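*Asks:* sharing a sequence plus its predicted fold:
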Amino acid sequence: MDTYGEIKRKIRAMAAGKALIYEGEVKSVSGSTCAVDIGGVELSDVRLTALPGETDILVTPKVGSHVALADLEGGTLRNLVVVQFGEVDKITFNGGQNDGLVKIRELENNLNQIKNYLDTLDFAIQCGFMAIGAGTAANGSTGCSQYLGNMNASISFSNMEDKSITH
């Protein structure tokens, strides 16, 4: 009698029609599947989405992290899907066709920099025009000096894209 075969048969009988949950370590990721080590056995083609095929959202685990996966065929270890992630490497929306999502606080900071720059520019130009009128030759050198003295702001943008989330 094949002891391991008998154990396998009994597990399948107990789990008939039920999903079994396993915990394992992610060994590699390829597209919408991954390979997971469960107790020293590496299983490939573990789906990252509940339904096969295209999906609007794809969560990709970090290699080396732990995941919970469901065996949707009750112990056959053939129809496996990740149902919980220990660590997420990235989340992709709509196949990643629209680049990254904007980090709203970074966008707000960048827009505030533009506003501050334009306020400074407005003040500097006003001062420059006033200085031109005060110059005896009105050739603009006094106005230019005044403008350059007041115009000391610059704009720099920080990266607003969160590359771990793409949509």
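*Replies:* Received the coordinates, thanks.

*Asks:* measure residue 19 to residue 114 for me?
*Replies:* Distance from residue 19 to residue 114, counting by CB to CB, to the nearest Å: 53 Å. For the C-beta atoms, the positions are set from N, CA and C on the backbone; glycine is no exception.

*Asks:* make that residue 56, sorry
*Replies:* Counting by CB to CB, the gap from residue 56 to residue 114 is 33 Å.

*Asks:* ditto for residue 69
*Replies:* 47 Å.

*Asks:* who's more crowded, those two?
*Replies:* For residue 69 versus residue 114, the count of surrounding residues by other CB atoms under 10 Å is larger for residue 69: 25 against 11.

*Asks:* so that one sits against residue 25, correct?
*Replies:* No: counting by CB atoms under 8 Å, residue 69 does not reach residue 25; the two are 10.9 Å apart.

*Asks:* mutual contacts of those two, please.
*Replies:* Counting by CB atoms under 8 Å, 6 or more residues apart in numbering, the contacts common to residue 69 and residue 25 are residue 36.

*Asks:* so where is the chain shaky, pLDDT-wise?
*Replies:* 1, 14-17, 53-54, 97-100, 131-148, 153, 165-167 (pLDDT under 70).

*Asks:* what segments of it are strands?
*Replies:* Assigned by DSSP state E, the chain shows strands spanning 20-30, 33-38, 41-47, 57-61, 66-71, 80-85, 88-93, 100-102, 161-166.

*Asks:* the fifth one: partners in the sheet, and parallel or antiparallel?
*Replies:* Strand 66-71 has its sheet partners listed here by DSSP bridges as strand 20-30 (antiparallel), strand 80-85 (antiparallel).
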